[in-house]
Structures are given as structure tokens and as C-alpha cells.
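> Provided below are the primary sequence and the corresponding predicted coordinates.
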Amino acid sequence: MDHYTLYNEEINRVLLMRKHKLFVPPVGDHSKDNTHIVLSMMMNMEDLGFIFSQDLFEILRFQPAKSLADLYGQIIPILKEMVSAHVRHVPFYRNFPDQMGSMSELEIYLNALVHYWTIGEWTPKYPVEQRFPLQDGHPQIRMIQPGGLDDLEDIFLHMISAKGSLSDKDRKLLGWFIQKSDPDLLASSLPEVIPSKETLSIVAGSIMQYHPGNSEILSNYFKTATDVLRLALSLSGGDVSLAENSRFRSFKRSERKFLLNLINQAGNIEEDIVRYKGVWLRLGEKLHPGDYAEEYPVAFEAFWKIRNNVKISTFSSRVETALKNGEVAGALQLLRNRAGELARKLDFLLRSYPGYTEEVIDSFEEVSFKISSQVLLQVMAHFKNRSIERTYRSFFPKGNVSKVQVVEKSLPTLPNETCQRIVSICERELEKQFSTRDALGKVFIDPVLADVIAPLAQRAASKSLKTYARGSRFKIGENTNTVRAFIHWKNIMISRPGIDPSGSKRDYVGDQDMGWVGEELVYERNEIVGKEKSIRTDIDLSLGLFDNDWNFVEQVSYTNIRSNLFSGLYHSGDIVNAPEGATEFIDMDLNVLRENGIRYAVFNVYSYTRQSYNEIPECFFGWMERENPGSGEVFEPRTVKNKADLTSETTICLPVLFDLKEMKFIWLDLALKSNQYWVNDIHGNLTNIALMARAMVDLSKPNLYDLFRLNAKARGEIVDIPEDADIKFGLDEEKDDVTPFQVERILSDFL
């Protein structure tokens with residue numbers, strides 16, 4: 001503990017959320033046996049879906065009673081937050097779902113009308129009926145194991161060594177760890193290479209912010225001017241992926257000199273700078289390179305050229321010119337010097353210049369050893385599925401928003417033999433790269449991992465109870481009859497300086513502020529609470545149902561809270577204002593839908609009042625898998641399958657879809673832009689929903705089975721029986737050594 005300025009609660013928040021582990025501070029002398037206290041703790045935790053492992057139980061039972069009480073007070077709020085039990089989930093109709101089948105259409109209509117007239121102040125008051133205890137035979141139970149500082153360091157080292165982009169939550173965690181670390185020990189623990197340029201910028205920016213005296217250790221990590229640009233953006237709180245516009249803050253003199261020195265010693269400065277010319281011009285205004293022209297002449301000249309629009313020849317322009325002039329051999333000669341660029345242009349070259357197929361493949365094979373494992377894996381997956389006829393193709397733009405783009409056009413066909421040769425080259429090279437790592441021994445790989453996408457690009461992944469890569473498929477629980485989805489949100493609160501804080505009584509700003517949204521009049525009511533103003537925020541949960549050919553069949557939303565087509569398909573009631581927080585639910589009976597030809601069920605979340613999710617103080621989506629939906633409480637933490645925070649800069653989210661034929665759910669985690677000319681709900685977005693969901697169902701991305709298989713072939717022996725294996729890859733977090741949810745470990749140790 002001497003090396004970190006950490007509190008036990010901070011440690012346990014990270015360990016519980018990331019590894020389901022608990023750090024228990026050592027005690028000098030063993031206390032008396034407090035088994036009865038630990039059992040009481042476990043009984044309460046089991047309601048949240050957690051229990052202690054036997055090893056942790058044995059450690060805890062001899063802790064002093066006060067220590068156990070303190071520990072319990074620490075971990076319960078964390079566990080509640082993990083499964084969304086930290087807030088009250090009160091549906092509009094308190095006796096949901098049983099109540100939904102007995103109400104008349106007139107009663108439903110009048111309740112909604114009065115609720116809307118009063119801008120959410122009135123809700124119906126029905127006597128709350130007594131509910132049977134939860135009768136689900138197999139609720140979700142997560143085992144908590146003993147943990148320590150070595151687990152914390154393990155998370156940090158795997159994140160910093162990851163070969164793919166990290167999510168926003170991981171980047172924040174990385175910065176937090178660096179802030180809390182001893183600067184001298186941190187310097188010695190950094191690896192020789194930080195593979196991800198985005199991660200490098202976060203690490204370096206955090207060191208410069210929290211440990212400025214150790215900045216010099218960073219110099220050797222920066223090889224290009226673009227690396228330095230990312231660092232400047234990291235220091236400014238901007239987008240280090242370079243996909244979004246960002247502002248630079250003013251830099252101290254020492255920081256300006258440090259950044260200019262890094263630029264001065266980098267290679268290919270001018271070409272890197274012209275690639276992001278506008279961003280560099282803005283950075284130049286903050287760095288004042290003219291003030292340091294004699295000290296950093298190379299950097300000054302590069303800035304002078306882009307400011308004065310001096311033409312700079314780039315690698316890309318030379319390749320494009322060669323191809324335009326029909327000099328394919330010359331273009332290939334250039335691309336062999338940039339192996340990564342050749343890999344990214346491979347499909348284009350093969351389909352555009354079929355007469356040069358042999359030369360293109362030979363060039364790729366010749367330089368494949370220079371290509372990163374991440375790019376090779378993507379090329380392999382692309383060509384492995386290249387011959388499959390696809391109506392839709394999806395693209396994930398780089399950046400901090402999980403926006404997907406879909407095109408309705410197939411690529412021109414390529415000979416299957418050509419595709420297989422590319423796949424073979426990639427596999428051979430990946431095996432060579434993996435063979436240099438530590439031996440794995442005997443390896444068992446669960447075939448279900450072929451349905452799980454490798455987490456290569458997590459920069460826009462939502463913070464969730466379980467981390468899934470987009471497009472991954474998992475089986476719905478064996479005894480699941482009903483899926484109950486939920487959203488919870490709270491009104492946006494803004495400070496109101498000048499309001500008299502002594503009046504704790506709520507007052508209204510006017511009676512109604514009215515604004516037009518599309519063709520429908522929306523009523524806004526804002527409330528003053530002390531010095532804060534509550535802005536009405538209306539989030540809607542909806543469900544779209546489609547048949548096998550993606551024809552729309554039915555929807556459940558605030559406009560249709562009870563399906564007339566299918567039983568067991570209910571919305572809990574529309575809530576339009578959430579000053580204290582609000583929750584909406586949707587139930588769908590899987591058996592009824594399957595029997596009636598429904599193949600795909602797509603959940604959608606809309607910001608009806610059009611505030612972006614990142615503006616809302618708390619907004620999350622999740623779902624429960626219920627065996628007996630009429631038993632237990634409406635919200636049962638033990639049955640929560642997953643929960644994800646909605647934080648994108650958009651107003652539509654498609655979190656998950658269910659394939660009812662395969663009985664699998666497919667993780668989407670997609671954010672979409674709304675149509676400004678239409679009310680932001682399912683009716684105005686049905687075409688986009690079907691298009692995006694269909695593209696995700698047909699997604700072709702590297703899977704974990706192939707990644708682990710290549711690792712096993714290169715440095716181990718694959719076995720068919722789990723009991724014979726030294727290391728097991730699978731989905732069971734209790735029995736398997738490596739699971740898809742250990743994202744930072746996968747990106748560090750197996751990519």
C-alpha cells in the first residue's frame with residue numbers, strides 16, 4: 001500500500017467491477033470466528049446476485065466484526081450500482097405485468113392523457129398487489145473471489161499493453177491509476193513499447209498532468225508527429241482518435257517546449273502534419289513555434305509550410321498518382337514500404353486490377369511480417385467471409401461515438417482461391433508472431449467463442465456490467481421464458497446562480513414552456529430546486545419485432561403499451577418527466593413470439609425531448625431473463641443479464657437484439673442520429689432500425705475462437721476435453737481461465 005495513495009473503497013470499486021474480486025486488508029491477529037456475520041452479509045448480497053467464494057469466505061470469517069461492518073458498507077453500494085439496484089424502479093403501472101391484461105383500452109388512454117396533461121406530475125394510484133417471491137429456479141449468481149493490489153496492477157499493465165483501442169471507461173481508469181501511483185515506481189513499470197497510439201497519449205498525458213517531473217521518460221515513446229498531436233489532444237481533454245473536432249487548451253511554456261521537441265525529433269513530420277492540416281494549424285496557435293524557431297527548426301519549418309500553403313508531397317498522393325497513371329507495379333513498390341497501408345488497400349487492389357493479382361498477393365506476403373497482428377486478424381476475417389453474398393455492409397467510423405454506417409451494396413466478387421490464399425498468408429504470419437510468446441501447454445477452446453467478436457476497437461463501447469464486443473452472440477438462458485428490458489433515467493439538472501437558496505420549496509418557472517418538435521406540440525415544465533433547475537427529460541423504451549426476412553410485424557412503445565397481436569408483450573407505461581428518476585419496462589414472451597413467426601426483436605431507446613444521452617446525469621438500459629415473470633418484484637437484481645450506461649452524443653440507441661430462432665442475443669451498442677423533421681420515436685426510425693440491425697446480424701469481424709486457435713497452434717496443443725487442458729478458453733467465469741469479458745487481457749496477451 002505504500003506505493004499507492006489509494007483507499008480500500010477505491011480499490012474494491014475497481015476490483016469488484018472489473019474482476020469480481022474483493023480486497024480484504026490484512027489483520028495482525030485473527031479475530032474470533034465471525035461466520036454468522038459473513039453468512040448474514042452473503043444472504044443480503046445474494047438478493048443482488050452475488051456470493052463470496054469459499055476462499056474469500058475463509059478469509060472474511062476471522063475478520064473483526066467492525067471491519068466486516070465497514071467492508072459491507074463499502075461493497076453493497078458498489079454491487080447495487082453494478083446490477084442497477086442503486087435506484088428505485090417504480091413503473092407507471094405498479095402491478096406490471098399482470099395488470100396490463102385486465103385494463104380496458106379506455107382506462108389506458110385516460111391514464112396516459114392525464115399524465116401528459118400534467119407533464120408527468122399525475123400517475124395512476126392502484127392498490128399494490130402482493131407478489132409471490134421470485135420463483136425462477138436459476139437466477140444469476142456471480143462469485144466474488146479474494147483480490148489484492150497485484151490484481152489492480154494486472155489490470156493496469158494489461159490495459160497499457162493492449163493492442164487495440166480502449167473504451168472511455170478504461171481510459172479514465174488508466175488515468176486514475178497513474179494519478180494514484182508512485183511516480184518513480186510507475187516509470188520503472190512502463191513497458192518498452194505501448195502498442196496503441198491512443199493509449200500512449202492517455203498514459204503520457206496523465207503522467208504530464210499528475211507527475212510533471214517525470215515527463216522526460218516519455219520521449220522515446222513518440223515516433224511520429226501524429227503521436228505528438230494525440231498527446232496535445234489528451235492534455236486538452238480532446239478526442240485522441242482524431243475523428244472528432246477538438247479544442248486545444250493553452251499550454252505552459254514547459255509544455256510547449258516539450259511538445260515542440262517531440263515534433264522536432266519525429267520522422268515524416270511534414271507528411272504527418274499535412275494529413276491533419278486544420279488540426280495542426282489550431283495547435284500551432286497554442287504552441288507558438290516561431291518563438292522557438294532556432295531551438296526547434298524542423299518543427300518550425302513544418303508549421304511555416306502549412307501556414308503558408310506550401311505544397312507537400314505525401315505518400316498517399318504518390319500512390320494515387322501512380323495508380324491513376326496505370327503504374328500498378330510502381331504503386332506496389334511504394335506500398336511495400338508501408339505494409340499496413342498495403343494491407344488496408346488489399347481488397348481494392350485485387351478487385352480493381354485483376355491482371356495484377358499475383359503481384360499484389362506476392363507483395364502482401366513479402367511484407368506481412370511488418371503488419372501488426374490486429375490488422376492481420378482483420379484482413380483474415382474479411383477475406384475468410386469475402387465470398388459470402390451480402391446485401392448490406394456496415395462500417396464503424398473511428399471516434400468516440402458508436403455510430404455505424406451501412407451501405408446497401410455488395411462488393412464485386414473475387415475468386416475464392418484468391419481469398420483463401422490471403423487467409424493462409426495471414427494465418428501463417430499470425431502463428432509466427434504468436435510463437436514468440438510464452439508457451440500455453442494444452443489448450444481447450446469452447447466452440448461457442450466462434451460467435452464472440454474479438455474486442456479490437458472498444459473506444460466507443462458503453463460502460464456495462466459485462467463487456468461485449470459489438471456483434472457478439474450469446475445464448476439466452478436455458479430456462480428463460482420472458483425477457484424484461486428496462487431503462488432508467490433522471491432529469492437533466494443545471495445550476496441556477498442568483499436563485500435564493502433559502503427557499504427549499506419547489507417553484508415553477510412559468511406554467512408551461514411550449515416548443516415544437518416535428519409535427520407534435522411538446523410541453524416542457526422546468527422546476528427550481530434550491531440553486532438547481534430540473535429540465536424535463538423524457539426517455540422512451542421501445543421494441544420492434546420483425547420476421548425472418550426483416551419485414552416489420554409489431555412494435556411496443558408509448559404508443560402501443562399492450563400488443564393486440566401477441567400475449568405477454570407489454571410496456572409498463574410511458575413516463576414523461578423524471579425529476580426523481582424514472583423507469584420503464586417491456587416484457588416479451590419468447591415462446592409466444594417464436595410460435596407466431598417472430599425472428600428478430602430489436603430494443604430501441606429514444607430521447608423524446610432530444611437531449612443527448614451524454615447530457616443526462618444518469619441513463620442506463622438493461623434486461624432481465626425471467627423464468628416466471630409474475631413472481632418476485634418487477635425489478636429483480638438477481639435476474640439482470642446485463643446493464644449498460646447510455647452516454648453517447650446522440651438521441652437514439654439500439655443496445656441489443658434477440659434472435660428468437662437461434663435463441664441468442666446479439667450485442668449492438670449502437671448510437672444513431674434522429675430525424676430532425678420527425679418525432680424521435682420508433683415510428684420515425686423503423687427503416688433505419690431494420691437496416692442497422694440487419695447489417696449487424698450479418699457482421700463479418702474477427703472472432704475469439706480464431707484468435708485463440710491461432711495462439712494455441714503457435715504455442716500450445718489443442719485438446720478436445722476441458723479436463724485435459726492446462727488453460728481453458730470459454731464463457732464460464734468460474735471455470736474458464738480466459739473469457740471474452742477479460743478485454744484488456746485479450747488485447748495484451750493474445751493479440
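Cool, got the structure.
> please point out which parts of stretch 308-316 sit buried.
Of all the residues in stretch 308-316, those buried under the rule 16 or more other Cβ atoms under 10 Å are Ile312. For every residue, glycine as well, the C-beta is placed using N, CA and C.
> center of the protein - which residue?
Ala461 (1.4 Å; Cα atoms, centre = their mean).
> neighbours of the spatially closest residue to that one that is not a sequence neighbour, how many?
Among residues not flanking Ala461 along the chain, Ser167 sits closest, at 4.1 Å (Cβ to Cβ, 6 or more residues apart in numbering). The number of residues packed near Ser167 is 21, by other Cβ atoms under 10 Å.
> what does Leu60 give?
22.
> quick one: contacts for Ser250?
Residues near Ser250 by Cβ atoms under 8 Å, 6 or more residues apart in numbering: Lys286.
> and the gap between Leu707 and Ala339?
20 Å (Cβ to Cβ, to the nearest Å).
> ok, these two, which is more surrounded?
Leu707 (26 against 19).
> where does that one fall, secondary structure wise?
Taking DSSP states H and E as the criterion, Leu707 maps to helix 704-715.
> what is that helix packed up against?
helix 373-384, helix 416-434, strand 441-445 (3 or more Cβ pairs under 8 Å, 6 or more residues apart in numbering; DSSP states H and E).
> domains in the protein, by residue range?
8-82, 152-307, 313-369, 446-456+702-750, 473-493+535-697 (automatic domain parsing).
> give me the phi and psi for Ala69.
phi -60, psi -40 (degrees, to the nearest 10).
> for the residue sitting furthest away from the middle of the chain, give me the backbone phi and psi.
Largest separation from the mean C-alpha position in the chain: Glu294, at 45.6 Å (Cα atoms, centre = their mean). For Glu294, the backbone dihedrals are phi -70, psi -30 (criterion: degrees, to the nearest 10).
> which residues outside the helix holding Leu707 are in contact with it?
377, 380-381, 427, 430-435, 437-440, 443, 445, 447, 449-450, 452-454, 718, 729, 738, 740, 746, 750-751.
> restricted to buried residues, select the residues you listed in ChimeraX.
Buried members of the contacts of helix 704-715, defined by 16+ other Cβ under 10 Å, are picked up in ChimeraX with:
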select :377,380,381,427,430,431,433,434,440,443,445,449,452,453,454,729,738,740,746,750,751
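> any low-confidence regions in this structure?
Scanning the chain for pLDDT under 70 picks out 1-7, 28-30, 390-409, 459-460, 495-532, 676-677.
> if you set the cut-off to 50 instead, what comes out?
1-4, 400-402, 497-525 (pLDDT under 50).
> using CSV, write out every CA atom in stretch 249-269.
Taking Å, rounded to 0.1, in the frame of the first residue of the first chain, the C-alpha atoms of stretch 249-269 are listed here in CSV:
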residue,chain,number,x,y,z
ARG,A,249,-6.1,24.5,-24.2
SER,A,250,-3.3,27.0,-23.6
PHE,A,251,-0.1,25.2,-22.7
LYS,A,252,2.6,26.2,-20.2
ARG,A,253,5.9,27.3,-21.6
SER,A,254,7.5,24.0,-20.4
GLU,A,255,4.7,22.0,-22.1
ARG,A,256,5.1,23.9,-25.4
LYS,A,257,8.9,23.2,-25.4
PHE,A,258,8.3,19.6,-24.6
LEU,A,259,5.8,19.1,-27.4
LEU,A,260,7.9,21.0,-29.9
ASN,A,261,10.9,19.0,-29.0
LEU,A,262,9.0,15.7,-29.7
ILE,A,263,7.8,17.1,-33.0
ASN,A,264,11.3,18.2,-33.9
GLN,A,265,12.8,14.7,-33.4
ALA,A,266,9.9,12.8,-35.1
GLY,A,267,10.1,11.3,-38.6
ASN,A,268,8.0,12.2,-41.6
ILE,A,269,6.9,15.4,-39.9
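> what about the strand or helix carrying Leu185, distance to the chain center?
Assigned by DSSP H and E, Leu185 belongs to helix 183-189. From the chain centre to the centre of helix 183-189 is a distance of 29 Å (Cα atoms, centre = their mean, to the nearest Å).
> and for stretch 743-751?
With Cα atoms, centre = their mean, you get 16 Å for stretch 743-751.
> mind listing residues that contact that stretch?
155, 157-159, 161-164, 166, 170, 373-374, 377, 434, 437, 454-456, 458, 467, 469, 704, 707-708, 711, 738, 740.
> now do the end-to-end distance for it.
With Cα to Cα, to the nearest Å as the measure, stretch 743-751 spans 11 Å from end to end.
> just stretch 205-219 next, same as before
12 Å.
> same question, stretch 86-101
30 Å.
> okay, now Val576: neighbour count?
24.
> list the contacts for it?
Applying Cβ under 8 Å, 6+ apart, the residues near Val576 are His115, Tyr116, Ile119, Gly120, Arg536, Asp538, Tyr608.
> now rank those by neighbours and give me the top one.
Most surrounded of these: other Cβ under 10 Å gives Asp538, at 24 neighbours.
> contacting residues around it?
Ile575, Val576, Asn577, Ala578, Ser607, Tyr608, Thr609.
> try it again at 10 Å.
When contacts are counted by Cβ atoms under 10 Å, 6 or more residues apart in numbering, Asp538 is found next to 119-120, 489, 491, 522, 524, 558, 574-578, 582, 606-611, 680.
> could you check how far it is from His683?
16 Å.
> tell me where the stretch 251-400 of the chain has strands.
Using DSSP state E, counting those that start in this stretch, the strands of the stretch 251-400 of the chain run over 393-395.
> not counting its neighbours along the chain, what's nearest Arg18?
Nearest one to Arg18, counting by Cβ to Cβ, 6+ apart, is Ile155 at 5.7 Å.
> tell me which element that neighbour is part of?
Counting by DSSP H and E, Ile155 is part of helix 149-160.
> let me know the next secondary structure element after that helix.
helix 168-180.
> tell me the buried residues in that following helix?
Asp168, Lys169, Asp170, Arg171, Leu173, Leu174, Gly175, Trp176, Phe177, Ile178, Lys180.
> quick check, nearest of the residues you listed to Asn591?
Nearest to Asn591 among these, counting by Cβ to Cβ, is Lys169 at 36.4 Å.
> what's near enough to touch that closest one?
Lys169 touches Met17, Arg18, Gln458, Ala461, Ser462, Lys463, Ser464, Thr467, Asp645, Thr647, counting by Cβ under 10 Å, 6+ apart.
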